[in-house]
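[1] this one's sequence-less:
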């Protein structure tokens, strides 16, 4: 049953991606449009989705599962960092850093959180928000530094703490722990804006893909290696580790779902900023997003059967 839910949800993502692609081809969704939509997604919709996930009843079980999510996600990030060095150590510098980044960072926020909410309900999005916290910490510290920026510790901390999703988690945690009542009208408004995250992210991906020649997306074997590591190897490895370590089913499923998402969209942004292979980075994002239509329902449906 959950396999069907995941499959239908991913097909919805694919259809919206196709709409975004058509919008790009007809010049309705040009580069300026996708850039502005990305800002709306980053600063408004995604934080609202994170915040809305905290509108859930307080319980001791929730706190225990939060600890499991944080601990297990930190472990998976550390493992991914070392495995990425092992797998991609022999590639040239400009390509290796992109490939390593694709192995470590997934699109767990824009695609992952809406999918978790659809498959696992409000609890799924709630726990997923804490995975996003760890993601943001590693992204704006290790991820930023690995591309070549040797920053001060103070600047790194500021960058992490000023992330919109992190701020939303802080606000949501206060609401959750102190059981602050939120008026129904405000709650529904926040949820409505947060629910825009998934369709908006797919419109953006479709618009970006439309700027490239489709044959050029699929003629590089390294893109398929990156997609295999990101979409199949990492989530399956995390699943078996979770079973060996005795991680409770729901926290394990949320973490594996996050890892089963395609390459993080900001791979291209960092590549452009630090003069790496941004064209190759765009291919990795696009192809992994397309291939996830096949891989995500299989892996998430399989993992969800244990919940």
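    Okay, I see it. Remember, it's a predicted structure, so these values are computed and weren't measured experimentally.

[2] OK, contacts around the nearest residue to residue 77 once chain neighbours are set aside?
    Nearest residue to residue 77 in three dimensions, chain neighbours excluded: residue 138, at 5.0 Å (C-beta to C-beta, 6 or more residues apart in numbering). (Each C-beta comes from the backbone N, C-alpha and C, glycine too.) Shown in contact with residue 138 (C-beta atoms under 8 Å, 6 or more residues apart in numbering): 77, 104-105.

[3] Adding neighbour count, write the residues you listed out as JSON lines.
    Shown next, in JSON lines, are those (neighbours: other C-beta atoms under 10 Å):
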{"residue": "77", "neighbour count": "20"}
{"residue": "104", "neighbour count": "27"}
{"residue": "105", "neighbour count": "24"}
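
[4] okay, now the residue lying closest to residue 41 once chain neighbours are set aside: neighbour count?
    In this structure, residue 41 finds its nearest non-sequential neighbour in residue 200, 5.1 Å apart by C-beta to C-beta, 6+ apart. Residues near residue 200, counting by other C-beta atoms under 10 Å, number 21.

[5] Let me know the distance separating residue 200 from residue 96.
    Noted for residue 200: a distance of 32 Å to residue 96, by C-beta to C-beta, to the nearest Å.

[6] what sits against the nearest residue in space to residue 260 that is not next to it in sequence?
    Among residues not flanking residue 260 along the chain, residue 235 sits closest, at 4.0 Å (C-beta to C-beta, 6+ apart). By C-beta under 8 Å, 6+ apart, the residues touching residue 235 are 256-257, 259-260, 299, 303.

[7] re the thing from before, make sure I have this right: the residue nearest to residue 41 is in a strand.
    No: applying DSSP: H, G, I helix; E, B strand; the rest coil, one finds residue 200 to be helix, outside a strand.

[8] before we move on, the earlier item: got the confidence number for the residue nearest to residue 77?
    At residue 138, the model reports a pLDDT of 89.

[9] Which secondary structure state is assigned to it?
    helix.

[10] neighbours of residue 14, just the number please.
    By other C-beta under 10 Å, 17 other residues sit near residue 14.

[11] Could you check how far it is from residue 230?
    From residue 14 to residue 230 the distance is 17 Å (C-beta to C-beta).
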